[in-house]
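S.K.: this one's structure only:
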């Protein structure tokens, strides 16, 4: 992980940017850094676990009230877990057979995104 972060920082540095790492309650962190930076877009990976739904919704609400564009991507799974649940009548498939049936109805997952071109 540290090597990946170092690589990201180097790539950003080569293009006039910088990787900043912050910790804390996401809304409070956004509130503090928005006083120092003009944030126009926030990108993050969707976390479909119910425990994180309140956190992610709070971040999206903050962004909505502060005119910050949100780009929430799905990078840890092939299909959007929320789409799988919706296609299965509102509950997650409990067996591989159910999951396979639901994904056949949805179709193949989206192709991977191309590498970032700075």
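M.R.: On my side now, so go ahead. Here the structure is a predicted model, which means the values were calculated and not measured.
S.K.: max-length helix in the chain?
M.R.: Longest helix in the chain by number of residues, with DSSP state H as the criterion: helix 50-65.
S.K.: next SSE after that one?
M.R.: Per DSSP states H and E, the first helix or strand lying C-terminal to helix 50-65 is strand 69-73.
S.K.: quick one: buried residues of the very next helix or strand once past that following strand?
M.R.: Next along the chain after strand 69-73, taking DSSP H and E as the criterion, comes helix 81-87. For helix 81-87, a neighbour-count test (16 or more other Cβ atoms under 10 Å) marks 81, 84, 87 as buried. From N, CA and C alone the C-beta is placed, and that goes for glycine too.
S.K.: Now do the second one, the pLDDT please.
M.R.: In other words, residue 84. pLDDT recorded at residue 84 is 94.
S.K.: For it, which residues are in contact?
M.R.: 92-93, 99, 102-103, 106 (Cβ atoms under 8 Å, 6 or more residues apart in numbering).
S.K.: Please compute how far the longest helix of the chain lies from its chain's middle.
M.R.: In this view, helix 50-65 has its centroid 11 Å away from the chain centroid, taken as Cα atoms, centre = their mean, to the nearest Å.
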